[in-house]
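Enquirer: 3D, please:
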Amino acid sequence: MKNFVLFVCLCAFNLPMSAVMSRVVAVTDSRTIVVDTGGVRSIVVLKGVTIAADEETVVTDFLRRLVTGSWVLVEQGDVYRSPDALYVNAEMIRRAWRTPKNMRYLGEWDPPRTTTRARPTRRSRRAKPARP
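Expert: Model prediction:
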C-alpha cells in the first residue's frame, strides 16, 4: 500500500504543466511590457535589465520591434518569445540594439584553447616501405 501511495504522489508531481502564453499588447518603456493573458492585461517588468538614460528611446524602439504582437511566456519577470524561444531578457542585457540592423545573433562561440609552445614542432616523415 505504501508503494502505491508513493507511486501516486510521484505521478502527481511529474504531470506536465501547460504553459500559459500571453500576447504582447504594448511596450511602455525599455524595461516594461503590457501582456494580455486570456483577456486580462498585466504589466511585466523585465528582470535583470538596466538601461542607461541616454539610450532609453533607442532601446524602447528595439524592444517594441522585438516583441510587440508576438506570443510570449512570462515567468517571474523572465520573458521568452514564441515560437523561437528567444530569451528577451538576455537580448536586452547583451545590448543587441547596438548592432547593425542587418546583423543576426547566432549565439556565443567559445574557440578551442591552444597552448603556446617555445618552438614549432616538426612533422614526422612517413616511413618509406622497404623494397623487396
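Enquirer: Show me the helices in this protein, by range?
Expert: 2-13, 56-67, 88-93 (DSSP state H).
Enquirer: mean confidence score for the second one?
Expert: When pLDDT is averaged over helix 56-67, the result is 90.
Enquirer: Run through who's touching it.
Expert: Applying Cβ atoms under 8 Å, 6 or more residues apart in numbering, the contact partners of helix 56-67 are 24, 27, 29-30, 33, 51, 79, 81, 86, 88, 91-92, 96-97. Where C-beta positions appear, they are placed from N, C-alpha and C, glycine not excepted.
Enquirer: what comes up buried for that helix?
Expert: By neighbour count on 16 or more other Cβ atoms under 10 Å, the buried set for helix 56-67 is 59-60, 62-64, 66-67.
Enquirer: can I have it written out in PDB, keeping just the CAs?
Expert: Taking Å, rounded to 0.1, in the frame of the first residue of the first chain, the C-alpha atoms of helix 56-67 are listed here in PDB:
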ATOM      1  CA  GLU A  56      16.100  55.000 -23.500                       C
ATOM      2  CA  THR A  57      14.400  55.900 -26.800                       C
ATOM      3  CA  VAL A  58      16.600  53.600 -28.900                       C
ATOM      4  CA  VAL A  59      16.100  50.700 -26.500                       C
ATOM      5  CA  THR A  60      12.300  51.200 -26.300                       C
ATOM      6  CA  ASP A  61      12.100  51.100 -30.100                       C
ATOM      7  CA  PHE A  62      14.200  47.900 -30.200                       C
ATOM      8  CA  LEU A  63      12.000  46.200 -27.600                       C
ATOM      9  CA  ARG A  64       8.900  47.300 -29.500                       C
ATOM     10  CA  ARG A  65      10.200  45.700 -32.700                       C
ATOM     11  CA  LEU A  66      11.300  42.600 -30.800                       C
ATOM     12  CA  VAL A  67       8.100  41.600 -29.000                       C
END
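Enquirer: circling back to that earlier point, pick out the most distant pair among the buried residues of helix 56-67.
Expert: Using Cβ to Cβ, the buried residues of helix 56-67 span at most 12.5 Å, a distance reached by 59 and 67.
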